[in-house]
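Visitor: give me coordinates for this.
(2 chains)
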Amino acid sequence: MKKALRTLLYAEWLNFKTERSLLLFALLILMAGGYGIYSGHAEIQRQRAKIEHLDHLYQENIAELKTKYADTADAGDIGYYHATFARHMPDSWAALSIGQRDANPYYIKLRLLAVHNQLCSSENTNPDKLATGSFDLAFVLVFLLPLFIVAICFNLFSAEKERGTLALVLSQPVSLSTFLLCKLLFRFGLVMLLVVLLTAAGILFTGAQPDGRVWVWLGATTLYCLFWFGVCYAVIVLKKSSAFNAICLLGVWLLLTIILPVIINVASQIKQPVTEGLALTLKQREQVHAGWDKPKDETFKRFFAHYPQYRNTSPVTGRFAWKWYFAFQELGDRSVESLYQTYLSKLQSRADWANRFSVVSAPATFQVLLNAVGGTDLQAHLAFVKSARQFHHRLKAYYYPFLFNDQPFRHADYNGEPRHVYQAKPDKAAISMALLTLAISTAFVFALAFVIQLFTNPELK
Amino acid sequence: MIKTLAQKELVSARRDKRFVLLGAIIVLLLAVAAVSGVVSYNQLSAERNLAQHAADHDFKSQPSRHPHRMAHYGSYAFRPKSSLSFFDFGLDTYTGTMVYLEAHQQNSANFSAVQQSGGLLRFGEMTVAFVLQWLIPLLIIFLTFNTFTQEKEQETLKVLLSQGLTVAQIANAKLQGYAKALSLIILPALLVASLFLLLANGLSIDAGFLLRLLLFLTAYLVYFFIFLAGSILISALNQHSRSALLLLLGIWITACVIMPKVTANLGSLLYQTPSKAEMDATVHHAASHGMNGHDPQDKRTAAFTKALLAKYKVDSVSQLPVNVDGLVMAEGEAYSSKVYAQEFDKLANTYHQQSNVSEWAGLLNPYLAIRYTSMALAGTDAAHYVHFLKAAEDYRYRLAQHLNHLQATKLKYHDKETRLDNSHWKNYPAFSYREPSVGWALGSHLVSVVALLLWGGLLYFFFTRLITRYFTL
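Guide: Below you'll find the model as predicted:
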């Protein structure tokens, strides 16, 4: 038995060496993977360069202000004219799965003003490029690898039948199922070889940290490949013609990688519309601008309730003072805070809803997993925005003492201003959830294939 | 005889379980796409109309204010959904929906759907265009890949040829037969979808809209013809059904899945866009130091004030019959807006260059050609987006200058106290966006339109010739 297995595998190897189409497909997937790694890396490098360039803009802005306010300045002028940045540094794995990183801004320009509208601002991106999506390694694995598996497996049985070599095979002392398994095993080995090659190349080329995620990545990809081999097997044992198999498998691919995720997404948007964004920005404007017309006493009374430490600072008597201006900016923020929290939680729950239903599509689950590994999903962006929000609090904590204690802002004080860099992190909870789901999907497909084999082709046993 | 043959293809297609099943699936998906399209179109339209009305109402009901306060209070432009967008969402999901319009600065368009969604959105969208662009070509391939090869394999073709028919005649008959079979599915589906569209549009039909719809449907018929003729051609030139099918599926995967991604990525690798922060800094720098670098803002202001004093023949600004504050501000706004417009044009041009890689690839790939043509007709392409952004910026500029003008004419020099009453805001026209004409829309995608017509034309004129020349039994 073992000897037969070895002979069969060796025969497959000889076959592979001579059959050009298999070799060609393998080369194509390697090329696509290589381009995916390169293009993902280029995209993330560009983001890194742009984030680094922010420092230059920051220094330029400070130099300009130092010239404008040669000696000391009113901290209010600085708060108004000075801009700093909250930065979202990509994780070292981001280049392999760009996820939502190209669609969401990876830095936020912040001034001391009311924060919510600043948090919602967006970056210059070509919508056409966004709509087509990134050609990263994740795309090759999620979309093209299944097509490769289908292309090398769909006619395993039918081709022998159509070429008339089946009788020859059956006359040998091996069962048909051993024969088929051998062929599948050989192909699975080939696919895994390509996967390991591409993953290693990806890690080396993009400089991804070779931590535990290597095993998560490889493990998940193995499960995903097994899933598709299971699908192929389930169709092969129906023993239909090559044409039927090709159509059937492409149909399954289309259903799982495009149609189901698309329908889930549409459903999530119709079922859970998020209108708070627009409402929030309108309301913030009303609240902030109303500050101009409210009596100053009232504004300060509300403000000091949150900042009792400034209660006994010098009162504002004239028409305008920066401390009053920033007080009503902050009150504007506070008045939309609950709306903003609703907005964030609705975004989160809509994404969660969609992720929950992505159980029905292994490709969607796999993509969710890869984005979580790279720290490039919506969660990563929301975590960044949250951290940017806290940064704005730190900025206020730095500037308010200058404003309320009427301290002059000296040139040296620019150095003391807090800075912000948020390092993207892999989403561990999402990873384990997706890994589990993927394992269950794979087990389900194998069970399905087994049942199909049992009912349609008992003689295969 | 040809009629009979065409009739035979039609009848056998209708009896083909495969065709009936796939056709039913496609009609079902079209229905899902149309219904979800209408629902989300209504949802988004209502949301934006409501927000636009709320923003306009807020502006119009502002109490007495200093005009420059109103300039900072500002206004909003919400991008209305174009009526055909429910057929083809195009880039709508990836473009900002709202721009805050205030004095002195140009803000980004925010709240695009993609920023408010999880990664699942990137798998694509369920729209009528998706079904028409991806799935119907696949249906055509499944239906016709073996139309010649099977007859070769079963040797029925020889019988036909021995009747004195030429291969070209048989091919034409097959083309007619399958076209009829397909129209049994496609035409009613499109008709129903168009009805949906008219209903969603509140039955308000104007000529521009009808023209867009008509051209939209025509473009797709050309696209389907390309796949139908191409698929029959490949079936005729292949010996085995299996090889014909694999070749066709390979073409479909390359055309619809792989190539668009490659060209889009290539475009963005070749042409780089500046970040928004970088662009703002450039605009700020050019506005304060002068576009040529030797013309700083204070020098410009001094020269402007001096010219003003000379014009009115007075010695100091307080003697001017107009308020110099407003005029200086207007001058500054004009200058910085000019700089911004320049930078924005550069950015839009870079986007255009990036997408051009894909558009020119449409000469090789009809999918790309129909993609851009369809988006252009639906008013959901990048050009329409840029058109909206420019309209919003234009409105912002006019509003800011209107308020500067009020300050110059109704307020005294250095007057920060006087407030103008509500009538000044109440009567200012609200932002309203008009979609550009069909000609403009297609004009910005000439390459794609030509590519589509070229493919259709070449296949129409050379279909029989190619088959006659390269056909082998």
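Visitor: contact residues of the stretch 51-200 of chain A facing chain B?
Guide: A:53-54, A:57, A:60-61, A:64, A:85, A:99-100, A:103-105, A:107, A:109, A:117, A:120-135, A:139, A:143-144, A:147, A:155, A:162 (C-beta under 8 Å from any C-beta of the partner chain). Yep, even glycine has a C-beta here, placed from its N, CA and C like the rest.
Visitor: can you rerun that using 6 Å?
Guide: Counting by C-beta under 6 Å from any C-beta of the partner chain, the residues of the stretch 51-200 of chain A close to chain B are A:57, A:99-100, A:103-104, A:109, A:120-124, A:126-133, A:135.
Visitor: most remote residue from chain A's center?
Guide: A:Ser171 (52.3 Å; C-alpha atoms, centre = their mean).
Visitor: ok, it - contacts?
Guide: By C-beta atoms under 6 Å, 6 or more residues apart in numbering or on different chains, the contact set of A:Ser171 is empty.
Visitor: just the residues of the stretch 51-200 of chain A next to chain B: which are in helices?
Guide: Using DSSP state H, the members of these that fall in helices are A:57, A:127-132.
Visitor: can you put those residues in TSV and add pLDDT and neighbour count?
Guide: Below are those laid out as TSV (pLDDT from 0 to 100; neighbours: other C-beta atoms under 10 Å in any protein chain shown):
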residue	pLDDT	neighbour count
A:Leu57	97	20
A:Pro127	95	25
A:Asp128	95	26
A:Lys129	94	25
A:Leu130	94	22
A:Ala131	95	26
A:Thr132	94	24
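Visitor: okay if I get the residues you listed as CSV plus distance to B:Val322?
Guide: Converted to CSV, these look like this (distance: C-beta to C-beta, whole Å):
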residue, distance to B:Val322
A:Leu57, 37
A:Pro127, 44
A:Asp128, 47
A:Lys129, 48
A:Leu130, 48
A:Ala131, 50
A:Thr132, 53
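Visitor: and which of the residues you listed is nearest to B:Asp56?
Guide: Ranked by distance to B:Asp56 (C-beta to C-beta), those are led by A:Pro127 at 26.2 Å.
Visitor: list the contacts of the closest one.
Guide: B:91, B:94-95, B:382.
Visitor: give me the most central residue, chain B.
Guide: Centre-most residue of chain B, counting by C-alpha atoms, centre = their mean: B:Asp381, 1.5 Å.
Visitor: and that one, how far from A:Tyr69?
Guide: Going from B:Asp381 to A:Tyr69 by C-beta to C-beta, to the nearest Å gives 47 Å.
Visitor: A:Phe326 now?
Guide: Relative to A:Tyr69, A:Phe326 is positioned 17 Å away (C-beta to C-beta).
Visitor: now swap in A:Val216 and tell me
Guide: 52 Å.
Visitor: kindly report the same for A:Cys182.
Guide: From A:Cys182 to A:Tyr69 the distance is 79 Å (C-beta to C-beta).
Visitor: so where's chain B shaky on pLDDT?
Guide: Along chain B, segments meeting pLDDT under 70 span B:201-204.
Visitor: tell me where it has strands.
Guide: Along chain B, counting by DSSP state E, strands occupy B:75-78, B:98-102, B:105-110.
Visitor: now find how far off-centre the first one is within its chain.
Guide: Strand B:75-78 has its average C-alpha position 21 Å from the chain's average C-alpha position, going by C-alpha atoms, centre = their mean, to the nearest Å.
Visitor: now do that strand: which elements does it pack against?
Guide: Judged by 3 or more C-beta pairs under 6 Å, 6 or more residues apart in numbering or on different chains; DSSP states H and E, strand B:75-78 is in contact with helix B:17-60, strand B:98-102.
Visitor: what's near enough to touch the residue in the stretch 351-461 of chain A positioned nearest to chain B?
Guide: Taking C-beta to the nearest C-beta as the measure, the stretch 351-461 of chain A has A:Ala351 as its residue closest to chain B, at 3.4 Å. Neighbouring residues of A:Ala351 by C-beta under 6 Å, 6+ apart: A:378, B:118.
Visitor: just the pLDDT for it.
Guide: On the pLDDT scale, A:Ala351 is placed at 89.
Visitor: now it: how far from A:Gly99?
Guide: A:Ala351 is 12 Å from A:Gly99, by C-beta to C-beta.
Visitor: also B:Phe86?
Guide: 28 Å.
Visitor: what does the stretch 151-300 of chain B put close to chain A?
Guide: So the stretch 151-300 of chain B meets chain A at B:241-242, B:245, B:260-261, B:264-265, B:268-269, B:273, B:275-277, B:281 (C-beta under 6 Å from any C-beta).
Visitor: of the residues you listed, keep whichever come out buried.
Guide: With burial judged by 16 or more other C-beta atoms under 10 Å in any protein chain shown, the buried subset of these is B:241-242, B:245, B:260-261, B:264-265, B:268-269, B:273, B:275-277, B:281.
Visitor: restricted to helices, list those residues.
Guide: Among those, the members falling in helices (DSSP H) are B:241-242, B:245, B:260-261, B:264-265, B:268-269, B:276-277, B:281.
Visitor: from these, pick the one nearest A:Ala246.
Guide: Closest approach to A:Ala246 among those (C-beta to C-beta): B:Leu245, at 5.7 Å.
Visitor: now that closest one: how far from B:Ile226?
Guide: B:Leu245 is 18 Å from B:Ile226, by C-beta to C-beta.
Visitor: can you pull the contacts of the residue of the stretch 201-350 of chain B found nearest chain A?
Guide: Of all residues in the stretch 201-350 of chain B, B:Ala264 sits closest to chain A, at 3.7 Å by C-beta to the nearest C-beta. Residues counted as contacts of B:Ala264 (C-beta under 6 Å, 6+ apart) are A:129, A:132, B:358.
Visitor: try 10 Å
Guide: A:126, A:128-135, B:354-355, B:357-358, B:361, B:368 (C-beta atoms under 10 Å, 6 or more residues apart in numbering or on different chains).
Visitor: for A:Ala95, same thing?
Guide: Counting by C-beta under 10 Å, 6+ apart, A:Ala95 has contacts A:36-45, A:47-48, A:101, A:134, A:136-138, A:202-203, A:205-208, A:374, A:376.
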